[in-house]
Each structure stands twice: as C-alpha cells, then as structure tokens.
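Q: The following block contains a protein sequence and its predicted model.
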Amino acid sequence: MVHTSRATASAGYGQPVRFYKGVAITFLCLTIALLSLIAFMSAKRVEITIVTKADSVDISVPVEVGTNTENAIKGNVTSTIIMFEKSFTPRTTTTTVSPSTGSVTLYNDSGVDQPLVATTRLLTNSGVLYRLKKGTIVPANGKINSEVYPDKSDSSSDIEASRFTIPGLSESRQKEVYAKSTTSLSATGVKEVGIITSDDIKLATAAFVEALKVKANELAKEKYQGDKVLAYVAQYTADSKGKIGDTVDSFTIFGKATLVLANFKSDDLTKMAIAMLNKKIVDNSDILQSASSEPNVSFDSYNSLKNILTLKVTQTGTVNLDPNSLKLQKQVFFGKTEDEVRRYVMSLDHVESVEMKFKPLWNTTVPQVADHVKLTIKQVE
C-alpha cells in the first residue's frame, strides 16, 4: 500500500516538470525567432537618390494700372494729345541738271532808289544775258546782293567775274545803276536730289513712331518721379508732306498722337507676377524654384473713356519637384521592390534619374522603417 502511494506521487511530480520544461523551451524558441526577426528587419536598409531637373514656366497676362479689379496694381495714369512732325532724307537719289543761279551785287550811285522787277535783264560787255530771279529795290547811294540766272542754259552763258549793265534803263541811268559779279557764273547746275519711295515712307513712319516714344518718355519723366515710370503711344496718325516719286532734298512725316503716361511700384507688379506663376503650378508636387527678378512689361491697350491702362506682363521662372511633396514621403516606398520604386519615381515630373542601394545584398524590398530609408533629392542644371 505504501509502495503504491509513493509511485503515484512520483508520477504526479514528473508531469509538471515536463510541462514547464516544454513551456520554457517554446518561449526560448519564440524569443530566438523574434530576435532573429528583429535582427533581420534591422539589417534591411535602402538608399534612394532621386535626380531632378528644373523646367521653365512662364505666364503672359493683362494687368491694369490704377483700378480695383482682380488683376490690377495701384498707380497713376494720364494721357495727352500732341502734334508732332519729323523730317527725313530719301535714301534714293538722282542727278538733275537745271539752270544754275548765281549772285551779283547791284549798285546805285544816285540819290534815288531804283526798283527792279523779277526777270530784269543784266548784260555783260560780251553780250551774255542774265536775269534777276526776284524783284528788288536798289537803295540810293547803296548796294544790294541779288540772285540771277542765265537767259540761255548752255555753255555760251558761262562767264568769269563781270560788270553788267541794265538795258531796261535809260543810258544815263545805266551809268548810275549797274551790277557786278565777283565769281564766275555757269549756265547749268548739276544737283543730287532725293526720290521718295514707298520704303522711305514706311521707314520714316516707323522712325516717326520711335520719335513719339522718346517724346512720351520725356514727358513721363517730367510729370512723374515714382519708382516705375512708363510711357506709351496709345494711338497715332501719320502722313507725309511728300508723295512717292517726288524729287526732294527732304520730306516730312507729321501727325497727331495720344500718349499714355503711368507710374507705379515695381514691387507691386513683381509680387503679382510671381503670384500668377504660382497659380499656374497646378500639381501639388511642384514648387516654384526661381523667378526672374523683374517681369517684362509692354503696352496692351488703353481705354480713353475710362482712363484705364492695360499692360501685358510676362514673367518667367523655373519649377521643380518639391522635396516635401506627399509623393516623396518615405512611407510611399515601404515594401516596394527596386523595379517598383524605379517605375514610380520615373513617373513623376522633373525626374531625370533614380539610383538605389539595397542592404544587405539579400534585401530586395524597401524596409518599412522610416529610419532605415535614406531619401536624397539632387538637382542637376
């Protein structure tokens, strides 16, 4: 009886020992497996280098000066109307032969003025005849210079310095009133004159407009002393005082112009232009990286009734991939293979290339631990 009880007690004691021994072994195995998993996960690392290149972006928008509309800046606008003309020389010339004119001195040795009409004859001792070009009065006891031209336009009228009588006067009067030339006179003259062409009119009109712009800028600087002063030719009319084919030494372009003068702050325009550049960037993954220091400004239109000047504003800049974009958060890459990462990154705008280094060698996916993912963004010019 006693022997049986001891055997039973011994058997009952052995079962718990084996149970707890099994539990301990199981726990040890789980611990080893967990530590192995942790070591495995800790060993997985990846370096992702994304190379980007900025792209250009630009806007060209109308901006009003001095109004309260959405696309407007503060400023002053005035207009003025001016009459303007400018002379030009034809580029094409021709040679003309015409009766030449010369100069003589008329003398009056009497005490009475002597009137002489145009075409009055002046005769040399050798019989060569010249005529007065314009009527004149030779003062008593005086002299006066006057232009003359030859009666015949040929070499027979070529003379040296001579004394002239006036056949139209009486013989006694001819002794008191006479003429002298101090230089030789020639019957014909050769002269270079211009011929107005359609190209002359076209080029002169363009130069006329440029002269108007210069005038507008002068007026603007006189009127305004602000940061940004602009002047434009809003509209103009231009006509020529010479016609195509006319032979002239010069011709004149004349007309009327409406000049628009304005001033405003450069910073106001620059801020608006940059804001409009940012509005053009519709992808949240993009960022405006740089912008030209000052926008380009040109004349667009002028409403004379409302006195509204509209400018055409052009601004350029560069846009690139935003390093802080949600599309570049590390979590996006968790669990992806090298091929999956490459295809995803190359689908983004502005990306030139991507390089990856997985560690250790047996690792083929991006670890799901942010600290084990090194993400670098590089930009190339």
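A: Done, it's in.

Q: most centrally placed residue in this structure?
A: By C-alpha atoms, centre = their mean, the chain has its centre lying nearest to Asn296, at 6.6 Å.

Q: Kindly list the main-chain dihedrals of Val354?
A: phi -140, psi 140 (degrees, to the nearest 10).

Q: Tell me the confidence at the closest residue in space to it that isn't next to it in sequence?
A: What sits nearest to Val354 in space, not counting adjacent residues and going by C-beta to C-beta, 6 or more residues apart in numbering, is Val345, at 4.4 Å. The way it works is simple: take the backbone N, C-alpha and C, and place the C-beta from them, glycine included. Looking at Val345, its pLDDT is 95.

Q: And the contacts of the helix or strand harbouring Val345?
A: Secondary-structure assignment from DSSP states H and E places Val345 in helix 338-346. With C-beta atoms under 8 Å, 6 or more residues apart in numbering as the test, helix 338-346 has contacts from 48, 50, 332-333, 336, 351, 354, 356, 358, 364, 366.

Q: mind running it again at 6 Å?
A: Residues outside helix 338-346 that contact it (C-beta atoms under 6 Å, 6 or more residues apart in numbering): 50, 333, 351, 354, 356.

Q: Then stretch 308-322?
A: Contact with stretch 308-322 is made by 52, 54-65, 67, 77, 260, 262, 273, 277, 281, 285-292, 295-298, 300-302, 350, as judged by C-beta under 6 Å, 6+ apart.

Q: What about these, which are in helices?
A: 273, 277 (DSSP state H).

Q: Give me the buried subset of the contacts of stretch 308-322.
A: The neighbour-count test (16 or more other C-beta atoms under 10 Å) marks 52, 54, 57, 59, 61, 63-65, 67, 77, 260, 262, 273, 277, 285-289, 291-292, 295, 297, 302, 350 as buried among the contacts of stretch 308-322.

Q: Quick check: closest non-adjacent residue to Phe334.
A: Counting by C-beta to C-beta, 6+ apart, Phe334 lies nearest to Gln368, which is 4.3 Å off, once chain neighbours are set aside.

Q: From Asp267, how far out is that neighbour?
A: The gap separating Gln368 from Asp267 is 49 Å, by C-beta to C-beta, to the nearest Å.

Q: hey, which helix or strand in the protein has the poorest pLDDT?
A: Among the helices and strands of the chain, helix 2-43 carries the lowest confidence by mean pLDDT, DSSP states H and E, at a mean of 61.

Q: Contacts only, for Thr252.
A: Here Thr252 is in contact with 85, 87, 241 (criterion: C-beta under 6 Å, 6+ apart).

Q: Among the residues you listed, name the buried ones.
A: So, by 16+ other C-beta under 10 Å, none of these is buried.

Q: can I get those residues in CSV with pLDDT and distance to Pro150?
A: Below are these laid out as CSV (pLDDT from 0 to 100; distance: C-beta to C-beta, whole Å):
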residue, pLDDT, distance to Pro150
Glu85, 93, 37
Ser87, 93, 32
Lys241, 91, 31
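
Q: Among the residues you listed, which ones are in strands?
A: Among the contacts of Thr252, the members found in strands (DSSP state E) are 85, 87.

Q: Show me which of the contacts of Thr252 is closest to Leu132.
A: Lys241 (29.9 Å; C-beta to C-beta).
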